[in-house]
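1. Make a model of this:
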Amino acid sequence: MTFNVSGFSDYTINEAVFGPGDVTTCGELSLPGTYTLIDNLTSSVTCLTITSDNVTLTCDGYMIQGTDAINSFGIFSHTQTNITVADCTFIDWSYGVYTINVNQSKFTNNTAVSNTFG
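-> Down below sits the predicted model:
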């Protein structure tokens with residue numbers, strides 16, 4: 001089988017999956033526990049997807065930065081319970097934080113800059 005490649009794009013897929021601990025790249029927070037950013041993150045699609053209940057994300061003042069791409073999300077979560085997101089700065093997203101049917105959760109001391117929505 002032969003593939004002819006005529007070019008490459010900047011498109012990336014959010015593939016990294018994390019357990020609790022230090023976060024150094026965009027990906028999926030898939031287990032309960034505490035996650036801590038230890039550097040700024042940048043993505044042109046969804047940066048962090050929370051797929052577990054009982055997740056705490058602390059950014060310690062680090063930025064989660066987008067590229068002003070349409071339908072991009074700094075953090076996305078759907079139907080989780082007991083999420084805490086604290087001390088984050090979201091810059092240049094369509095949606096800095098986007099949640100659907102998320103319950104009993106807290107978003108504290110976060111900053112949104114130049115996002116279309118939150």
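2. Could you use CA atoms for every contact and neighbour count after this?
-> Noted.
3. Quick check, Gln104 in contact with Asn82.
-> Yes - applying C-alpha atoms under 8 Å, one finds Gln104 in contact with Asn82, separated by 5.0 Å.
4. Counting neighbours, go ahead and name the busier of the two.
-> The residue with more neighbours, out of Gln104 and Asn82, is Asn82; 15 against 10, by other C-alpha atoms under 10 Å.
5. For Ser105, see how far away the more buried one is.
-> Per C-alpha to C-alpha, to the nearest Å, Asn82 is found 5 Å from Ser105.
6. anything in contact with each of the two?
-> Overlap of the contact sets of Asn82 and Ser105 (by C-alpha atoms under 8 Å, 6 or more residues apart in numbering) is empty.
7. most centrally placed residue in this structure?
-> For the chain, the residue nearest the mean C-alpha position is Leu48 (2.2 Å; C-alpha atoms, centre = their mean).
8. how about it, what does it touch?
-> Counting by C-alpha under 8 Å, 6+ apart, Leu48 has contacts 26-29, 73-76.
9. so where's this protein shaky on pLDDT?
-> Counting by pLDDT under 70, the chain contains low-confidence ranges at 1-15.
10. Tell me the buried residues in stretch 75-88?
-> Applying a neighbour-count criterion of 16 or more other C-alpha atoms under 10 Å, one finds 75-77, 80-81, 83-88 buried in stretch 75-88.
11. got the contact list for it?
-> By C-alpha under 8 Å, 6+ apart, stretch 75-88 touches 46-64, 95-111.
12. Alpha carbons only: can I get stretch 59-69 in CSV?
-> Output in CSV follows, covering the C-alpha atoms of stretch 59-69 (Å, rounded to 0.1, in the frame of the first residue of the first chain):
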residue,chain,number,x,y,z
CYS,A,59,-3.6,25.9,37.5
ASP,A,60,-1.5,27.9,40.0
GLY,A,61,-1.9,31.0,37.8
TYR,A,62,-0.7,29.3,34.6
MET,A,63,-2.5,30.0,31.4
ILE,A,64,-4.5,27.7,29.1
GLN,A,65,-4.2,29.5,25.8
GLY,A,66,-6.1,29.0,22.6
THR,A,67,-5.6,30.4,19.1
ASP,A,68,-9.0,32.1,18.6
ALA,A,69,-10.1,29.0,16.6
